[in-house]
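Enquirer: the sequence and its predicted three-dimensional model are supplied below.
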Amino acid sequence: VNIWCAAGKGTFGTDELCERIEAAGLERLISHRRLILPQLSAPGVAAYQVKDRTGFQIKYGPAEAWDIPRFLKEGRASEEMRQKRFPLRERAVLVPMELVPALKYALLLTVIIATLAAFFGPAGSFVSDLLNQGAVATVAMLSAVLGGAVLTPLFLPWIPGRAFALKGALIGALIGAPLINLAIFLLGAHPGWQWLDGLLASALSAALTSYIAMNFTGSSTYTSLSGVKKEMR
């Protein structure tokens, strides 16, 4: 998966590979001119350019690392070796990697929103607005992190839509709005502001969930580079 991400971003690409071959003096270390690369590096490597520039011929290995011994023994990859699945277990393993950076930025945004709300909140009291609006902001941020970094990866195949941003937005709307409006109701917000607080906080939560979910494209195995670029625009 990391290879796919690196290949898509260009950090594991044709230029980098050629530079590493030349820097290592690989042609002096081995007698043959064949390189076996991970299959998921193919989006970033132009094999014919590598051959023209270095003389090394590229051969792509299996999708899964545990098939490498069998691949080396047989000298080729079977149809089964070419398939890359992305089951629930593998998606769950990646959740902590998505969760940690998302929580860091969510904490920063919560502090900023709570501070602004303390100055411009409806209650007119710095402490009251800081606590009430800060609590709403906290619920909004935590629901965004939960939806984008945890639920979207876990339920990825079953969420409608192809774009990860759309999947995240749907999850964000599904869990964010109920949690946020429940928090506003329990806090007893000013009646005239309840609907506006709920609307704005829910929209913010859905947008953040969408953004966090979109970051999961680099950890997936079936999004195309062109599709990711189009989605990010």
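Expert: Nice, thanks for sending it over. A quick note: this is a predicted structure, and the numbers were derived from the prediction, not measured.
Enquirer: just the CA atoms of stretch 92-110, as CSV, please.
Expert: C-alpha atoms of stretch 92-110 as CSV (Å, rounded to 0.1, in the frame of the first residue of the first chain):
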residue,chain,number,x,y,z
ALA,A,92,-8.6,-1.7,10.3
VAL,A,93,-4.8,-1.9,10.7
LEU,A,94,-4.5,1.4,8.9
VAL,A,95,-7.0,3.2,11.2
PRO,A,96,-4.4,4.3,13.8
MET,A,97,-2.3,5.8,11.1
GLU,A,98,-5.3,7.9,10.0
LEU,A,99,-6.5,8.7,13.5
VAL,A,100,-3.4,10.3,15.0
PRO,A,101,-2.9,13.2,12.6
ALA,A,102,-6.6,13.8,12.4
LEU,A,103,-6.9,14.1,16.2
LYS,A,104,-4.0,16.6,16.2
TYR,A,105,-5.6,19.0,13.7
ALA,A,106,-9.0,18.5,15.3
LEU,A,107,-7.7,19.6,18.7
LEU,A,108,-6.2,22.7,17.1
LEU,A,109,-9.5,23.6,15.3
THR,A,110,-11.5,23.0,18.5
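Enquirer: ok, the spatially most central residue of the chain - contacts?
Expert: Nearest residue to the geometric centre of the chain (Cα atoms, centre = their mean): Phe216, 1.8 Å. Under the criterion of Cβ atoms under 8 Å, 6 or more residues apart in numbering, the neighbours of Phe216 are 94, 98, 148, 152-153, 156, 164. Backbone N, C-alpha and C define where each C-beta goes, glycine included.
Enquirer: now Ser205
Expert: Ser205 neighbours (Cβ under 8 Å, 6+ apart): 140-141, 143-144, 147, 172, 176-177, 180.
Enquirer: skip the chain neighbours and tell me the closest residue to it.
Expert: By the measure of Cβ to Cβ, 6 or more residues apart in numbering, the closest residue to Ser205 outside its immediate chain neighbours is Gly176, 3.5 Å from it.
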